[in-house]
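Q: Make a model of this:
(chains A and B)
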2 protein chains.
Amino acid sequence: MSLAAQPVRHLATALLLLLLSLAPAFAEAPRPQERVENFLLGNGMEVVVIPDHRAPIVTHMVWYKVGSADEPPGKSGIAHFFEHLMFKGTTNHKPGEFDAAVAEIGGDQNAFTSYDYTAYFQTVAPDALGGMMGLEADRMRNLTLTDDVIATERDVVLEERRSRIEGDPQSLLSEEVQATLFQNHPYRVPVIGWMHEMEQLNREDAVAFYDRYYTPNNAVLVVAGDVDAATVKRLAEETYGKVARGPDLPPRLRPIEPEQNTSRTVTMADPRVTIPGFAKYWLAPSYRTAEPGEAEAMDLLSEILGGGTRSRLYQQLIVKSDLAAGTGAFYDGTALDETSFVVHGSPRGPDGLAKLEAAVDAEIVRIQRDGVSADELDRAKNRLVRSMIFARDNPAGMANMYGAALTTGNTVEDVQQWPARIEAVTAEQVKAAALKYLKPDQSVTAYLLPAAGTSN
Amino acid sequence: MSLAAQPVRHLATALLLLLLSLAPAFAEAPRPQERVENFLLGNGMEVVVIPDHRAPIVTHMVWYKVGSADEPPGKSGIAHFFEHLMFKGTTNHKPGEFDAAVAEIGGDQNAFTSYDYTAYFQTVAPDALGGMMGLEADRMRNLTLTDDVIATERDVVLEERRSRIEGDPQSLLSEEVQATLFQNHPYRVPVIGWMHEMEQLNREDAVAFYDRYYTPNNAVLVVAGDVDAATVKRLAEETYGKVARGPDLPPRLRPIEPEQNTSRTVTMADPRVTIPGFAKYWLAPSYRTAEPGEAEAMDLLSEILGGGTRSRLYQQLIVKSDLAAGTGAFYDGTALDETSFVVHGSPRGPDGLAKLEAAVDAEIVRIQRDGVSADELDRAKNRLVRSMIFARDNPAGMANMYGAALTTGNTVEDVQQWPARIEAVTAEQVKAAALKYLKPDQSVTAYLLPAAGTSN
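A: Model prediction:
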């Protein structure tokens, strides 16, 4: 099992999954020819342009600063449901026209919803950019939201929940882990929504959500690829620039977590499970909420402890012993509010779970007690920063990094300074972060077990 | 330890604790001379009069249909904080005048806040009733809410939280158990509030809360004791009747629980703990949400399994073996939404926790498999119904039962029919309730341990 390998917080497309696996959080500073431009339209819409002329392709993304954690209580799922509704027709374009336009030119498009943002993107040839912007600007305000459209698409997201969550013990377990880890913050509610609340979502909810959040001043346009800033600016003014500014929204202040004082477990035993596994979660600061350097230290801690085959967990538990079939660590610092740090493992053979968990715990204690070596810290820094090279080679990857940063309280400068901030982290900071955040008596441990019954 | 013996959901006065220990949920049908009268004032305020002329005393209560589960997200503690503010001055009476008026006549007064309601009461001689109603009606609308009053009283509730919760491992554990048991419903948030949110409560929050909820049409007046309905009606019209009707509030629809699929544990180890213990919680229907007869069956199940010295847990684990120093069961059916059923135990000696838990689990399985005997069901019914006799002897107890019922979605008739509905429960219904609700793979188990470290 690899609970953490599944990005709990994303209803991601295959593309996003790929990007996440490449890009822990932010990008390396762009090369000189990739000078990023950042400006506002008159109606408050933020624009980021990331030129990259190596291939005749452009990724066009619109990010809305609204995700499932902004939903009203009792209306879980409306953010993701709305993402689906955006693919229906508008007063200017029939349902399917947008899809057909992209398909006709051999482009690709999709969308995704997370706790903190909702994003729409197309990857097309540069000369199609203006058309994409016209279509995207159109559906920002002119969507046709009839009861019929609502009812039909609600059936689609209900079926999506049935097949992706209800049919998958690991997904069900992940939901209840989040609901246990977050006692107060809306990150405890699944992005796709609770079934019984999704069933009640209606036209009134959709219209209220659309009018409040789908406005130019609540959106970020990110264009990356074979295009220049002047062209993007002109096209953006002709399309998005014509959309009226929406209401000024209050700051995104969600209920935050109280001090936590317990260790918790969440156990699911299900006949459909073939490989047992565990995952241990701690609350951790995000890039937005952390003290300076702490989120960077958490990224390095995650890399040193469980980031791939060079990590301590992999080396100790798979290479040097045969305790684990799989193991790793995961930290997602790209969040508006407090996030989580996760370690996970599945034993080799059905009986080694407790022993494996103890061995993973021991690796954490070893870092908390002895710290990390200068050498392994350097190598982890290199791996993290180098991993950005892959992302940088892909306009969609760059667009994704800037969009996620700008919708979770960070800036273009934060993205650009990230490699330098990673380089500046000391071994002492990594040890301090492990001590401060990975406390055994304030963790939540998930157990996924093959047979019916309870764990321990 | 006896987690369940502490009414998690009440910030109760000594009086309320006494009443709860006497009165599981509702009262026996009143005797003929205790004909209950129930009517509305012109402004929508509901009135219940429970005459009882055996002693020259009267209990006057006003119940507001608002509790902590009605608070806006991020404003936890405002309902209880507001209860405190109600004891400050009004435009007509200086701070302390109400207290002094009650004390002068040798009366008693207090207030309490729960998830679903907030109540204020005085017990006085009958000729003081009119004066009490005047003072209570006055503070329903004329409270003086200055920044000074807010700041001073906020310090008081913060100190209350520090001493009652932060200073008590069992209370801290109970909070996190509730936050784990309820994944979506606001019952997961403590009545007293999370410290970091209480610190931010301000005058604006208090005024908004007052204007929305402290209105005659959101209140129930309950008068019990040496008084007749005509007198109460006349006095109520002269006092409460003069208060303008407030806004019509929408139905109290809180986010409800999703289907739960895991078993969870919550562990606190603290050097201040001397006696270990565990408590196992299940979600359970309340009298308002249950199918007909189910809540009554849960009350009987609780009584048979763990209600006092005649119960199975007590007999098996204390009398026939020496596994437990304490054990019992608890069900609180008086709630607007889904509530909980709890079993708990502390071992005799420091090492018997796991063995005791297994023995408690075995008693539950025994009921689920073999049901309960006709004889023990009859005796449990008698104990429950007879326990009402004590409550009935006390006007405050009667007032409390009617007030709690009417502010959690029940009626005067529900209270009066309760004994008959208890009598009608069959052994099969008790067994069915145990099977339906006490599932081991959907429970939350709390462990309170003496030393630092984690459990299992």
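Q: Can you give me the domain boundaries for chain A?
A: Split into domains by automatic domain parsing, chain A comes to A:11-242, A:264-450.
Q: So which of the ones you listed is nearest residue B:251?
A: Proximity to residue B:251 (C-beta to C-beta) singles out domain A:11-242 among the domains of chain A, at 11.9 Å. No exception for glycine: its C-beta is placed from N, CA and C like everyone else's.
Q: so what's residue A:366 up against?
A: residue A:312 (C-beta atoms under 8 Å, 6 or more residues apart in numbering or on different chains).
Q: cutoff 10 Å now
A: A:305, A:312, A:316, A:372, A:434 (C-beta atoms under 10 Å, 6 or more residues apart in numbering or on different chains).
Q: do the same with residue A:363
A: Residue A:363 neighbours (C-beta under 10 Å, 6+ apart): A:304-306, A:311-313, A:315-317, A:327, A:329, A:343.
Q: buried stuff in stretch A:78-93?
A: Neighbour counts over stretch A:78-93 (16 or more other C-beta atoms under 10 Å in any protein chain shown) mark A:78-90, A:93 as buried.
Q: And for stretch A:117-129?
A: Here stretch A:117-129 shows A:117-124, A:126, A:128-129 as buried, counting by 16+ other C-beta under 10 Å.
Q: Residue A:338 against residue A:289, yeah?
A: Yes: applying C-beta atoms under 10 Å, one finds residue A:338 in contact with residue A:289, separated by 5.7 Å.
Q: Find residues that contact each of those two.
A: Jointly contacting residue A:338 and residue A:289 under the rule C-beta under 10 Å, 6+ apart are residue A:256.
Q: Go through the contacts of residue A:366 and name the one nearest chain B.
A: Nearest to chain B, judged by C-beta to the nearest C-beta, of the contacts of residue A:366 is residue A:434 at 17.2 Å.
Q: just the residues of the stretch 101-250 of chain A that are near chain B, which are they?
A: Within the stretch 101-250 of chain A, the residues that sit near chain B (C-beta under 10 Å from any C-beta of the partner chain) are A:166, A:169, A:172-173, A:175-186, A:188-190, A:193-197.
Q: correct me, but residue A:43 touches residue A:246?
A: Yes: contact criterion C-beta under 10 Å: residue A:43 and residue A:246 qualify, at 8.5 Å.
Q: between those two, which one's more packed in?
A: Using other C-beta atoms under 10 Å in any protein chain shown as the criterion, residue A:43 and residue A:246 rank with residue A:246 on top: 20 against 17.
Q: got JSON lines for the domains of chain A, with mean pLDDT too?
A: Below are those laid out as JSON lines (pLDDT from 0 to 100):
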{"stretch": "domain A:11-242", "mean pLDDT": "91"}
{"stretch": "domain A:264-450", "mean pLDDT": "95"}
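Q: For residue B:104, which of these is the nearest?
A: Of all the domains of chain A, it is domain A:11-242 that lies closest to residue B:104, at 43.9 Å by C-beta to C-beta.
Q: Work out the gap between that closest one and the centre of the chain.
A: Averaging C-alpha positions (C-alpha atoms, centre = their mean, to the nearest Å) puts domain A:11-242 12 Å from its chain's average.
Q: Please apply the same query to stretch A:382-396.
A: Mean C-alpha position of stretch A:382-396 versus that of the full chain (C-alpha atoms, centre = their mean) differs by 17 Å.
Q: What are the buried residues along that stretch?
A: Buried residues in stretch A:382-396, counting neighbours by 16+ other C-beta under 10 Å, are found at A:383-385, A:387-388, A:391-392, A:394-396.
Q: wait, which of these is closest to chain B?
A: Nearest to chain B out of the buried residues of stretch A:382-396 is residue A:384 (C-beta to the nearest C-beta; 31.4 Å).
Q: ok, the buried residues of stretch A:78-93 vs residue A:257, which is closest?
A: Residue A:257 lies nearest to residue A:79 out of the buried residues of stretch A:78-93, by C-beta to C-beta, at 20.9 Å.
Q: Which residues are in contact with that closest one?
A: The contact partners of residue A:79, by C-beta under 10 Å, 6+ apart, come to A:11, A:64, A:66-71, A:113-118, A:191-193, A:209, A:213.
Q: cool, residue A:197 as well?
A: Applying C-beta under 10 Å, 6+ apart to residue A:197 gives the contacts A:71, A:73-78, A:189, B:184, B:255-256, B:258.
Q: if we go to 7 Å?
A: Residue A:197 sits next to A:74-77 when contact means C-beta atoms under 7 Å, 6 or more residues apart in numbering or on different chains.
Q: List buried residues within the residues you listed.
A: Listed as buried from the contacts of residue A:197 are A:74-77; burial here means 16+ other C-beta under 10 Å.
Q: Chain B next: which of the residues you listed are close?
A: Residues of those in contact with chain B (C-beta under 7 Å from any C-beta of the partner chain): residue A:74.
Q: Next, format the buried ones among the contacts of residue A:197 as CSV and append secondary structure.
A: Shown next, in CSV, are the buried ones among the contacts of residue A:197 (DSSP: H, G, I helix; E, B strand; the rest coil):
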residue, secondary structure
A:74, coil
A:75, coil
A:76, coil
A:77, coil
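Q: can you list the buried ones among the contacts of residue A:197 in TSV and add distance to residue B:430?
A: Converted to TSV, the buried ones among the contacts of residue A:197 look like this (distance: C-beta to C-beta, whole Å):
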residue	distance to residue B:430
A:74	33
A:75	38
A:76	35
A:77	37
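Q: and which of the buried ones among the contacts of residue A:197 is nearest residue B:35?
A: residue A:74 (41.0 Å).
Q: Perfect, I'm done here.
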